[in-house]
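Colleague: Build the 3D model from these lines:
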Amino acid sequence: MFFEGASRLGDCLKDMAAVFGPRPAAAPRELTKLHETVVRGPLDQLAADPALQTPRGEIVVLVGPGAEAAATPADADAALTEALARLGPADAASEVARALGLNRRELYRRAVEMKGRAMVSQTPFPLDGGRAGDGCVCRASGREALMAPAPRRARRPISAATPPPPPLPHRGGGVRAGGAA
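Modeller: Numbering: from 1, shown residues only. So this is what the prediction gives:
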């Protein structure tokens, strides 16, 4: 909202059109009075309107918001990297989606991908199955790995000749042959 004198309105509108670009605008004259008029249109058209070159009365110029610039993938990656430093992938994707007006599902996929790549690059042992000391280098620090994968445990062989368990003993309580219980 700009208040401008009638004698300077034409030059002011030309300057605004040059600086702000073709934003929507309105130039109301004599607000709250009997002869109130409003001229609407893009700033460059208002600057060229002869009725607004030397108007009479009190003038107010209202300039609309500019078009929002769409977020680039680099902006999204930078925001996700910053958010992932303090949040999990789901919360980071939600926060960046709200801030930049992007699709949360696509940002979540990207966040999981970025988080996975960060985890692989920070692994302190060689990922190719080698042992520490045989030339494996940690991707994060560039130093030789300090840990090797745990050795495999030997499996106990299962023999086919395993004897069956012994039968359970009989615990009486039934009727004897030939007589009373």
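Colleague: can you tell me the helix or strand for Val38?
Modeller: In the assignment (DSSP states H and E), Val38 maps to strand 37-42.
Colleague: Outside of the helix or strand where Met114 lies itself, list whatever touches it.
Modeller: Taking DSSP H and E as the definition, Met114 sits inside helix 104-121. Applying Cβ atoms under 8 Å, 6 or more residues apart in numbering, the contact partners of helix 104-121 are 76-77, 80-81, 83-84, 89-90, 92-94, 96-97, 127, 139-140. Just so you know, the C-beta spots here come from the backbone N, C-alpha and C atoms, and that holds for glycine as well.
Colleague: about what we covered before: the strand holding Val38: what's the following helix or strand?
Modeller: Past strand 37-42, further along toward the C-terminus, the next helix or strand under DSSP H and E is helix 43-48.
Colleague: After that following helix, which helix or strand is next? Please name it.
Modeller: Following helix 43-48 toward the C-terminus (DSSP H and E): strand 59-63.
Colleague: what about that next one, average pLDDT?
Modeller: Here strand 59-63 scores 85 as its mean pLDDT.
Colleague: Also stretch 36-49?
Modeller: Averaged across stretch 36-49, the pLDDT comes to 84.
Colleague: Outside of it itself, list whatever touches it.
Modeller: Against stretch 36-49 from outside (Cβ under 8 Å, 6+ apart): 10, 13-14, 16-17, 20-30, 51-52, 63.
Colleague: And that stretch, end to end?
Modeller: 18 Å (Cα to Cα, to the nearest Å).
Colleague: residues of that stretch that come out buried?
Modeller: The neighbour-count check on stretch 36-49 (16 or more other Cβ atoms under 10 Å) flags Val39, Pro42, Leu43, Asp44, Leu46, Ala47 as buried.
Colleague: For Ala70, see how far away the residue nearest to Met16 when sequence neighbours are not counted is.
Modeller: Distances taken as Cβ to Cβ, 6 or more residues apart in numbering place Leu43 nearest to Met16, at 5.3 Å, with adjacent residues excluded. The gap separating Leu43 from Ala70 is 22 Å, by Cβ to Cβ, to the nearest Å.
Colleague: With that, I have no additional questions.
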